[in-house]
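[1] Need a 3D model of the sequence below.
(one chain, ligands or ions: 1)
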Amino acid sequence: MRKPFIAVTPSTDTPGRYHVSAPYFESLERAGAIPVLLPMHPGDDGIKEIANSFDGFLFAGGCDAAPYLYGEETLLCCGEIQPERDRLEIALYHEIKKLNKPCLAICRGIQIINVAEGGSLYQDIPTQFKPENGSGMLQHRQVFAANIPSQHVKLEEGSMVRQIMGTDVISVNSHHHQAVKKLGGGFEVTARSLDGIVEAIERKDMSFCIGVQWHPEQLSSQMKEEAALFNAFVKACGK
Ligand SMILES: [Mn+2]
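    Residues are numbered from 1 along each chain as shown. Predicted structure coming up:
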């Protein structure tokens with residue numbers, strides 16, 4: 001069987017370079033896909049061609065989404081932004097949705113697809129978020145290595161993530177200081193950390209559109225549940 005080609009969105013955190021962290025590629029390769037890094041400026045026609053040509057799409061982690069995209073002023077606590085990457089990913093998301101092609105959005109990915117649907121973000125969790133249910137403030141930007149789990153998330157009954165990962169609570173890593181605030185149109189929240197932060201969203205009107213706030217690519221070599229997420233994604237891309 002032909003291996004699915006999966007487009008991965010580029011980062012430019014280092015000036016003069018487009019790059020992606022190796023674990024994204026390695027996780028997709030282990031799951032049987034051929035990952036390909038996208039260009040940053042394909043243009044409107046190019047974005048349509050990319051959406052038509054690839055079997056699936058991975059929105060990778062990276063810097064913050066620009067607050068003006070969700071109608072907010074940039075607060076002191078907001079981090080670095082990349083407007084060109086915002087433009088690429090928002091336009092690409094809308095093309096993918098039209099075609100109902102599989103999409104897995106990780107960390108910045110969950111945030112940008114939420115913003116693409118009119119949702120908003122906490123510009124900085126420690127500054128803006130008050131934990132629910134009396135839990136203490138959790139460390140969502142863990143200070144230790146990303147391949148070590150640091151918190152638990154509860155997966156909603158009936159959700160794709162719960163079905164795929166085969167459990168109702170999973171330990172995950174956490175490497176973000178922003179998070180979904182107002183939910184974008186058409187999405188459902190399907191996982192939360194124990195302090196109430198949105199950790200996964202998905203669309204019921206697409207065959208596979210899942211956003212996760214943690215980094216499964218850093219855990220998939222050691223946790224079968226995280227590997228299962230990539231396996232299910234690649235399988236959906238092969239259909
Ligand atoms: Mn987290």
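
[2] Quick check: beta-bridge partners of residue 35?
    Per DSSP bridges, the residues bridged to residue 35 are residue 6.

[3] Assess the claim that it and residue 23 are in contact.
    No. Using CB atoms under 8 Å, residue 35 makes no contact with residue 23, being 11.0 Å away. Yep, even glycine has a C-beta here, placed from its N, CA and C like the rest.

[4] quick one: which of those two has more around it?
    residue 35 (21 against 17; other CB atoms under 10 Å).

[5] got a list of what the more buried one touches?
    Residues counted as contacts of residue 35 (CB atoms under 8 Å, 6 or more residues apart in numbering) are 6, 7, 8, 24, 25, 28, 29, 58.

[6] ok, now residue 131?
    Residue 131 neighbours (CB under 8 Å, 6+ apart): 137, 138, 195, 196.

[7] Other residues contacting the worst-scoring helix or strand of the chain on mean pLDDT?
    One helix or strand of the chain scores below all others by mean pLDDT, DSSP states H and E: helix 125-128, with a mean of 95. Residues outside helix 125-128 that contact it (CB under 8 Å, 6+ apart) are 75, 77, 122, 137, 140, 176, 177, 178, 179, 181, 197.

[8] Neighbours of the residue of the chain found nearest the ion, how many?
    Relative to the ion, the nearest point of the chain is residue 174 (3.3 Å; CB to the ion). By the criterion of other CB under 10 Å, residue 174 has 24 neighbours.

[9] so it touches residue 150, yeah?
    Yes. Between residue 174 and residue 150 there is a contact at 5.2 Å, judged by CB under 8 Å.

[10] which residues are in contact with both of these two?
    139, 142.

[11] just to revisit the earlier point, so, in contact with the ion or not, the least confident helix or strand of the chain?
    No. Judged by CB under 5 Å from the ion, helix 125-128 stays clear of the ion, getting no closer than 8.2 Å.

[12] Residue 29 - nearest residue in space that isn't next to it in sequence?
    residue 35 (6.6 Å; CB to CB, 6 or more residues apart in numbering).

[13] Now do the longest helix seen in the chain: which elements does it pack against?
    Longest helix in the chain by number of residues (criterion: DSSP state H): helix 83-99. Under the contact criterion of 3 or more CB pairs under 8 Å, 6 or more residues apart in numbering; DSSP states H and E, helix 83-99 touches helix 43-53, strand 56-59, helix 108-116.

[14] quick one: buried residues of that helix?
    85, 86, 88, 89, 90, 91, 92, 93, 95, 96, 97 (16 or more other CB atoms under 10 Å).

[15] what sits against the third one?
    Each residue near residue 88 by CB under 8 Å, 6+ apart is listed here: 9, 10, 38, 40, 41, 42, 47.

[16] Show me which of these is closest to residue 209.
    Proximity to residue 209 was ranked across the contacts of residue 88 by CB to CB; first place goes to residue 9, at 14.8 Å.

[17] and that closest one, what does it touch?
    Residue 9 neighbours (CB under 8 Å, 6+ apart): 38, 57, 58, 59, 60, 85, 88, 89, 92, 109.

[18] follow-up on the earlier one: the contacts of residue 88 into TSV, with extra columns for pLDDT, distance to the ion and secondary structure?
    As requested, the contacts of residue 88 are exported to TSV (pLDDT from 0 to 100; distance: CB to the ion, whole Å; DSSP: H, G, I helix; E, B strand; the rest coil):
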residue	pLDDT	distance to the ion	secondary structure
9	98	21	coil
10	97	24	coil
38	98	26	coil
40	96	27	coil
41	96	31	coil
42	97	31	coil
47	98	30	helix
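
[19] what number of residues lie near residue 40?
    15.

[20] Torsion angles phi and psi at it?
    phi -90, psi -30 (degrees, to the nearest 10).

[21] No further queries at this time; thank you.
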